[in-house]
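Colleague: Have a look; sequence and predicted model below, questions after that.
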Amino acid sequence: MDTPEPLETLDETWERALCIVAHPDDMEFGAAAAVARWTGQGKWVGYTMVTSGEAGIDGLAPDECRAVREQEQIDSARIVGVETVDFLGLPDGILEYGVELRRVLAAEVRRHRPDIVITGNYRDTWGGQNLNQADHIAVGKAVLDAVRDAGNRWIFPEQITDELQPWGGVQQVWAFGSPASTHAVDTTATFDAGVESLKAHAAYIDGLGWENWDPREFLEGMARATGGRVGVTFAAPFEVIPMGWGD
């Protein structure tokens, strides 16, 4: 069996990160322990949920599900030190990559003015035969374009006001859980917080009907394997996409 390539350590010399993902629970399935590390360092981290995950529980009608999943996400975010959670209200399950999605995401980047933008895996698979979900792919690809759009005042110029200005200060986009990950961050000290943040999505997890599924066991599998590639107990993997010219 081939030995996995070592991963580089993420650069943590930044102050603000905005996490943009498709659904409530996306951060918790791969990156919440890393977020807990960063908020513990005094960094600002905000969450933007493109949908409210209202199509995610078969036994709940969308309007009822929306309220449940938004509250679970707010509670989950607080466990890892995140106080700002935005819900954009786009339709769950049928997101499409394109100009309109880029428009709303560029506005979020302009509003929060982050140094780093974090999103989920936007590749077609998870690194094998397991297909990625369409919303994840659409959001991740739109994030890459929206970050560049946000810095150009002539793209979506109707957004530019005294309160909302172009923002070209995003240094990199990080995609957690990507099969093309090249970097990682040590989450050994904050792993338990990541587990608790996933457990906060209790209604969603129950709705999945996964018999005897253990959040800790699930997260530990990936975190331990990644940790072994950077010489620590637990770590979270990220694909790093530079946003500057010539990077």
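Modeller: Yep, that arrived.
Colleague: Looking only at the worst-scoring helix or strand of the chain on mean pLDDT, what residues are buried by neighbour count?
Modeller: Averaged element by element with mean pLDDT, DSSP states H and E, the chain has its least confident helix or strand at helix 202-208 (a mean of 93). Buried residues in helix 202-208, defined by neighbour count with 16 or more other Cβ atoms under 10 Å: Ala203, Tyr204, Ile205, Gly207. (Glycine included, C-beta is placed from N, CA and C.)
Colleague: same check, this time on stretch 38-58
Modeller: In terms of neighbour count (16+ other Cβ under 10 Å), stretch 38-58 has its buried residues at 38-39, 43-57.
Colleague: and if you look at stretch 83-97?
Modeller: With burial defined by 16+ other Cβ under 10 Å, the residues of stretch 83-97 counted as buried are Val85, Phe87, Leu90, Asp92, Leu95, Tyr97.
Colleague: same question, stretch 32-39
Modeller: Residues Ala32, Ala33, Ala34, Val35, Ala36, Arg37, Trp38, Thr39 are the ones in stretch 32-39 that count as buried (16+ other Cβ under 10 Å).
Colleague: Same question for stretch 229-247.
Modeller: By neighbour count on 16+ other Cβ under 10 Å, the buried set for stretch 229-247 is Arg229, Val230, Val232, Phe234, Ala235, Ala236, Pro237, Phe238, Glu239, Val240, Ile241, Met243.
Colleague: for the buried residues of stretch 32-39, which one is nearest Leu10?
Modeller: Minimum distance to Leu10 across the buried residues of stretch 32-39 is 8.4 Å, recorded for Ala34 (Cβ to Cβ).
Colleague: That closest one should be in a helix, yeah?
Modeller: Yes: the assignment for Ala34 by DSSP: H, G, I helix; E, B strand; the rest coil puts it in a helix.
Colleague: Excluding chain neighbours, give the residue nearest to it in space.
Modeller: With sequence-adjacent residues excluded and distances taken as Cβ to Cβ, 6 or more residues apart in numbering, Ala34 is closest to Ala236, at 4.3 Å.
Colleague: Count residues in the vicinity of Leu101, would you?
Modeller: Burial measure for Leu101: 21 neighbouring residues, criterion other Cβ atoms under 10 Å.
Colleague: swap in Glu196?
Modeller: Burial of Glu196, expressed as a neighbour count using other Cβ under 10 Å, amounts to 18.
Colleague: For the helix or strand hosting it, give me every contacting residue.
Modeller: Glu196 is part of helix 191-199 when elements are defined by DSSP states H and E. Contact partners of helix 191-199, identified using Cβ atoms under 8 Å, 6 or more residues apart in numbering, comprise 25, 27-29, 32-36, 76-77, 79-80, 187, 205, 215-216, 218-220, 223, 233-234.
Colleague: right, and out of the buried residues of helix 202-208, which lies closest to Ala138?
Modeller: Using Cβ to Cβ, those come closest to Ala138 at Tyr204, 20.2 Å.
Colleague: For the helix holding Glu196, the averaged confidence score.
Modeller: The predicted model gives helix 191-199 an average pLDDT of 98.
Colleague: Give me the buried stretch members for it, please.
Modeller: Taking 16+ other Cβ under 10 Å as the basis for neighbour counts, the residues of helix 191-199 that come out buried are Phe191, Ala193, Gly194, Val195, Glu196, Ser197, Leu198.
Colleague: Check stretch 178-187 too.
Modeller: Neighbour-count burial for stretch 178-187, with 16+ other Cβ under 10 Å as criterion, is recorded at Ser178, Pro179, Ser181, His183, Ala184, Val185, Asp186, Thr187.
Colleague: now swap in stretch 122-139 and tell me
Modeller: Within stretch 122-139, the residues that qualify as buried by neighbour count (16+ other Cβ under 10 Å) are Tyr122, Arg123, Asn132, Gln133, Asp135, His136, Ile137, Ala138, Val139.
Colleague: Nearest to Val68 among these?
Modeller: Proximity to Val68 was ranked across the buried residues of stretch 122-139 by Cβ to Cβ; first place goes to Asp135, at 18.4 Å.
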